[in-house]
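Chemist: next comes the sequence, and after it the predicted model I'd like to discuss.
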Amino acid sequence: MMSLNRKGFIQRLAVTAAGLAIGSDFLSAAGHPALQASSFSKKLEPIGRALEIAGYYVWCNSPIIGPDGKTHVFFSRWKAELGMSGWISGSEIAHAVAEAPDQPFELRETVLAPRGEGYWDATTCHNPLVKVVNGKYYLFYMGNANGKTDTKRIGLATADSLDGPWSRGDAPLLLPGSAGAWDDHCTTNPAWVSSPEGKSMLFYKSWNTKEYESASGDIRGNRKYGLAFADHPGGPYEKYANNPVIDFSAKGDNRQFEDAFVWREDGKYKMIARDMGVYNHEVGLIMESKDGIQWTEPQIAYHALSRYVKEPPAPSHLKRYGRLERPMLLLENDKPAWLFGTSQGGKFGTSSAFIFKCS
């Protein structure tokens, strides 16, 4: 009888251990909600790194299928000698092409580079998001004029072909709010989608300058998302009166998020983004909305990169190693088919794209 009890105990212990391993998504760290994995997160099949370019950091990978049937990616890059922080003062936007997302990409050209003194995008071009509407291509991006965050502005370049030439405006597409507003610091991280009525909806990230400057710690300020509307992708845009539409600051501990990508699927708006403390700083978030204004509580869109791939220990100069940031989707028939993210590391010790297939 004693041995049977011991056997049963061992069996129960094994089942419990397995359950902890399988159900670890539902365990919470102190002060943080339990991880709620979405159905989206369970469909991800890691493909691996792409766009590893010697001498450069690679970030912000925006994919689109061209008329040639190939996968075109518009991405940010800056010289490795500038370090990880070089994105704010020396980034450019480049174009690469592959036969398919899981095939090697070939670099084509630099599409947008900083224009120099006197321009709103004088010192950096970053955050590309490429869209096609009625056969015309729209490349939303962020530029700045002084190599700092307080002049970050969302702008737009347009072309009749993915191979250009690209024409950009001499003024930003969206400006910050007035002094003291939640979004008085900048406009950045553009996420664009068309409503069922054909209205252009431009989501943007911002924060408050005073809050940013008076804060201490590793993450200053609280990043929120606002929304602006226009009758045409090129604007002019009018901000929604009750912005921000997504604000996690009431959750405490300076919880926030960034890097949103928005699309429409099955009659709903959906958003994927990078977590900054809602659950933790290693995962992605996914939310949905009926109108683009009221959003559900976030679930996990993807896990830390270590869940999918084993990589060498972090180099000492990479402080955000292991995160998947800037999530963007390649849609097929209005459904997520591929997830493009970016992550520090890779064979050149900088950063590159990391791609998943959405099975």
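Modeler: Yes, it's here. Worth saying up front: this structure is predicted, and the values here are computed from it rather than measured.

Chemist: CA atoms for contacts and neighbours, from now on please.
Modeler: OK.

Chemist: show the contacting residues for Pro165.
Modeler: Ala159 (Cα atoms under 8 Å, 6 or more residues apart in numbering).

Chemist: make it 10 Å
Modeler: 111, 157-159 (Cα atoms under 10 Å, 6 or more residues apart in numbering).

Chemist: which one of these is nearest Pro104?
Modeler: If you rank these by distance to Pro104 using Cα to Cα, Val111 comes first, at 19.7 Å.

Chemist: so how far is the helix or strand hosting that closest one from its chain's centroid?
Modeler: Counting by DSSP states H and E, the element that carries Val111 is strand 106-112. Strand 106-112 has its C-alpha centroid displaced from the chain centroid by 21 Å (Cα atoms, centre = their mean, to the nearest Å).

Chemist: just the buried residues of the helix or strand just after that strand, please?
Modeler: Later in the chain than strand 106-112, the nearest helix or strand by DSSP H and E is strand 124-133. Residues of strand 124-133 classed as buried: 124-132 (neighbour count, 16 or more other Cα atoms under 10 Å).

Chemist: what is the next helix or strand after strand 124-133 packed up against?
Modeler: Toward the C-terminus, strand 124-133 is succeeded by strand 136-144 as the next helix or strand (DSSP H and E). Applying 3 or more Cα pairs under 10 Å, 6 or more residues apart in numbering; DSSP states H and E, one finds that strand 136-144 makes contact with helix 87-90, strand 106-112, strand 124-133, strand 153-159, strand 167-168, strand 188-194.

Chemist: how about the strands in the stretch 251-359 of the chain?
Modeler: 256-265, 268-276, 284-289, 299-302, 325-332, 335-345, 350-358 (DSSP state E, counting those that start in this stretch).

Chemist: buried ones from the contacts of Pro165, can you make that a PyMOL selection?
Modeler: Per 16+ other Cα under 10 Å, the buried members of the contacts of Pro165 correspond to this PyMOL selection:
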select buried, resi 111+157+158+159
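
Chemist: closest to Gly277 among the contacts of Pro165?
Modeler: Ala157 (33.1 Å).

Chemist: just give the closest residue to the closest one, not the sequence neighbours.
Modeler: Arg168 (4.0 Å; Cα to Cα, 6 or more residues apart in numbering).

Chemist: where does this structure have its least confident helix or strand?
Modeler: helix 2-22 (a mean of 34; mean pLDDT, DSSP states H and E).

Chemist: could you list the buried residues of the following helix or strand past that helix?
Modeler: Counting by DSSP H and E, the next helix or strand C-terminal to helix 2-22 is strand 44-50. Neighbour counts over strand 44-50 (16+ other Cα under 10 Å) mark 44, 46-47, 49-50 as buried.

Chemist: ok, now stretch 185-199?
Modeler: 185-195.

Chemist: swap in stretch 340-356?
Modeler: For stretch 340-356, using 16+ other Cα under 10 Å, the buried residues are 340-346, 349-356.

Chemist: pLDDT weak spots in the stretch 251-359 of the chain?
Modeler: Along the stretch 251-359 of the chain, no part satisfies pLDDT under 70.

Chemist: for Tyr225, give its distance to Trp120.
Modeler: 22 Å (Cα to Cα, to the nearest Å).

Chemist: those two: which is more packed in?
Modeler: Set Tyr225 next to Trp120 and count neighbours by other Cα atoms under 10 Å: Tyr225 wins out with 27 against 24.

Chemist: about what we covered before: mind putting the buried residues of stretch 185-199 into TSV with distance to Pro313 and pLDDT?
Modeler: Below are those laid out as TSV (distance: Cα to Cα, whole Å; pLDDT from 0 to 100):
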residue	distance to Pro313	pLDDT
His185	36	98
Cys186	35	98
Thr187	35	98
Thr188	32	98
Asn189	30	98
Pro190	33	98
Ala191	33	98
Trp192	36	98
Val193	38	98
Ser194	42	98
Ser195	44	98
